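**Q** Predicted model and sequence below, questions to follow.
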Amino acid sequence: MQASDRENQFIHLVRLAWDLRTLHVTSSVELPKDKEPALLLGAESSAVKVRATKERGVWVFIWGRGPEQRVRALSEEAARTIQKAVYQ
């Protein structure tokens, strides 16, 4: 059985959450019924949402609109890149 894109989004986000945990970053996975899953970083009122999406067939994490606010999901440096960007 092949995983759906939503399932793959969840898998990438959980792996990222685990990797961020090793960097002492607290996060939570948001699984809304009718929207894409996201990883929340920071305080609830000002949380940064990280999403996993496919761009040109490659999974990436996105946490903003700029090109510097994305990193390949399978990059070994994804968690550290996001940690530095969010907690600079």
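**A** All right, it came through fine. Predicted, not measured: the structure shown is a model, and the values here were computed from it.
**Q** so where's this protein shaky on pLDDT?
**A** Low-confidence segments of the chain, defined by pLDDT under 70: 1-2.
**Q** Can you give the contact residues for the longest strand seen in the chain?
**A** Identified as the longest strand of the chain according to DSSP state E is strand 48-55. Defining contact as CB atoms under 8 Å, 6 or more residues apart in numbering, one finds that strand 48-55 is touched by 5, 8-9, 12-13, 16, 30, 36-42, 59-63, 70, 73, 82, 86. C-beta coordinates here come from the backbone N, C-alpha and C atoms, glycine included.
**Q** Could you tell me which of those residues count as buried?
**A** 8-9, 12-13, 16, 30, 36-41, 59-63, 70, 73, 82, 86 (16 or more other CB atoms under 10 Å).
**Q** Keep only those of those that are in strands.
**A** Cross-referencing those against strands under DSSP E gives 30, 38, 39, 40, 41, 59, 60, 61, 62, 70.
**Q** quick one: the fourth one and residue 76, what's the gap?
**A** Taking CB to CB, to the nearest Å as the measure, residue 40 and residue 76 are separated by 23 Å.
**Q** Check the second one too.
**A** In this structure, residue 38 and residue 76 are separated by 22 Å, where distance is defined by CB to CB.
**Q** ok, now which ones touch the closest residue to residue 22 other than its chain neighbours?
**A** Closest residue to residue 22 apart from its sequence neighbours, by CB to CB, 6 or more residues apart in numbering: residue 79 at 7.5 Å. When contacts are counted by CB under 8 Å, 6+ apart, residue 79 touches 16, 19, 20, 22, 23, 25.
**Q** what do you get for residue 9?
**A** Residue 9 sits in contact with 36, 37, 51, 52, 53, where contact means CB under 8 Å, 6+ apart.
**Q** Right, I'll leave it there.
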